[in-house]
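# output the structure for:
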Amino acid sequence: MGVGIVGAAIAYFLTRSGAQVTLLEASTPAAGASGASDGAVSVASKRPGPMMALACEARSLYRRWVEQGVLKDIYHPRPTYLFARTDEEVAVIAHQGADLMALGERILPLTHAELMQRVPGLGRHVLAGMKVPNDGHALGYRVVDRLLQASGAPVRRHTPVLRLAQSNGKVVGVITPEGTLVADAVIVAAGLGSGPLVGLDDILIPRKGQLIVTDRASTAGAALPGPLMSAGYLAAKRRMVLGQASTSLVIDPLATGQFLIGSSRETGFTDRQTDVLTVSTLLREALAVYPALARQRVIRTFAGIRIGTRDGLPIVGRHPTLPGLFIATGMEGDGICLAPVIGKAMADMVLGAPSSFDVSVLDPGRFGDLPVQGSS
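Residues are numbered from 1 along each chain as shown. Below is the predicted model:
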């Protein structure tokens, strides 16, 4: 259930193993977070520990998908540039760099002058930074579309799941407005919609992010060699609170020559409205970091909803009390990057195959028993 990038990746790996898969979507494919993401396939931005390690594995799978032709012309390598505006942020980047190097990731620490050489036009507020050369980019909705084509799995659009169908303490299907669908296994990968179905209402946390799109700064592709990512963004991922107020600013050069600027992190909000105060704050910070943006016009603003968890880690694995039920949710903006690994790991679980990746730290059982809605 759920046809975002994670659901599409799970379907891809299951069908490649010969399983029959039917995808149910309450709206349309990639209508949620996958369609409102910045497309960053970034190890540079990940929280140290299992998230950073899994991101390395996922990025390798993206490259393999390109070699196999699955994501040809959709996934593109590009560096990430981290930047700091205060001494405290410089320390955050240094810690991130040490964690990346511990995983064998290539990094290049940069002074302000060295950053200026690589990204001309940076403002004086940027003190220092770091280049992470081996990251990449893939638009979420395009990945979803390509994976659905490759899997051939039928998609039932506008088909919300009302509740789970159970028999003798096991999940045996789902109940929809169109009737009951019977299945050997049910996988819930529905973002915030996962909550009431699998008992995660008190565990999943929505965070709205407002974003800005400018007109074209270039007609010959991206106007910068890679995205500019603030240490404030890293601090949010590392669950740190900086002494000086800082937003999770990212300035992303799109292949169209436009810029994508984001983003707010508004905990508890599930609406998709943008507001003048938040947009103007993002623009002021972006202009201080990259003054050349003053030449651009804002042509669109929009918002997406990230779905996180209480402990900041996704939820991936078997339901702790109901056989036949599997969960993959709570990625909080990391679904674009992690989808290949989560898709393969979940397919292995469902098929009872040896696990290709260790996602045990993401097991739903860490939250104890989860009450669910069902039908006996």
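
# where does the stretch 251-376 of the chain have low pLDDT?
372-376 (pLDDT under 70).

# quick check: residue 213 vs residue 41, distance?
From residue 213 across to residue 41, the span is 20 Å (C-beta to C-beta, to the nearest Å). Every residue, glycine included, has its C-beta placed from N, CA and C.

# okay, those two: which has more neighbours?
residue 41 (26 against 18; other C-beta atoms under 10 Å).

# give me the phi and psi for the more buried one.
phi -100, psi 80 (degrees, to the nearest 10).

# show me the contacts for it.
58-59, 62, 75, 135-138, 336-337 (C-beta atoms under 8 Å, 6 or more residues apart in numbering).

# ok, now residue 47?
237-239, 312.

# so which of those are in helices?
Among those, the ones falling in helices (DSSP state H) are residue 237.

# and the contacts of residue 47, which are buried?
By neighbour count, with 16 or more other C-beta atoms under 10 Å, the contacts of residue 47 hold 237-238, 312 as buried.

# just say helix, strand or coil for residue 94.
helix (DSSP: H, G, I helix; E, B strand; the rest coil).

# swap that for residue 307, please
strand.

# what about it, how many neighbours?
That count, for residue 307 with other C-beta under 10 Å as the rule, works out to 26.

# that one and residue 209: what is the separation?
11 Å.

# got a list of what residue 106 touches?
132-134 are the contacts of residue 106 under C-beta under 8 Å, 6+ apart.

# closest to residue 25 among those?
residue 134 (33.2 Å; C-beta to C-beta).

# next up, phi/psi of that closest one, please.
phi -100, psi 20.

# domain assignment for the protein?
1-76+135-201+312-365, 79-133+204-309 (automatic domain parsing).

# check the separation of the first and last residues in the longest one.
Using C-alpha to C-alpha, to the nearest Å, the end-to-end distance of domain 1-76+135-201+312-365 comes out at 20 Å.

# stretch 289-304 too?
24 Å.

# buried residues of that stretch, list them for me.
Buried, per 16+ other C-beta under 10 Å, within stretch 289-304: 289-290, 292-293, 296, 301-304.

# list the contacts of residue 101.
residue 107.

# state whether it is indeed within a helix.
Yes: counting by three-state DSSP, residue 101 is located in a helix.

# pLDDT wise, what is it at?
We note a pLDDT of 97 for residue 101 in this prediction.

# so residue 122 versus residue 259, what's the distance?
14 Å.

# quick one: which of the two has more around it?
residue 259 (27 against 21).

# what is that one paired to in the beta sheet?
Following DSSP bridges, residue 259 is listed with bridge partners residue 253.

# isn't it up against residue 211?
No: between residue 259 and residue 211 there is no contact under C-beta atoms under 8 Å: 10.4 Å.

# can you give me the end-to-end distance of stretch 104-111?
So stretch 104-111: terminal residues 22 Å apart, C-alpha to C-alpha.

# likewise for stretch 130-148?
Termini of stretch 130-148 sit 36 Å apart (C-alpha to C-alpha).
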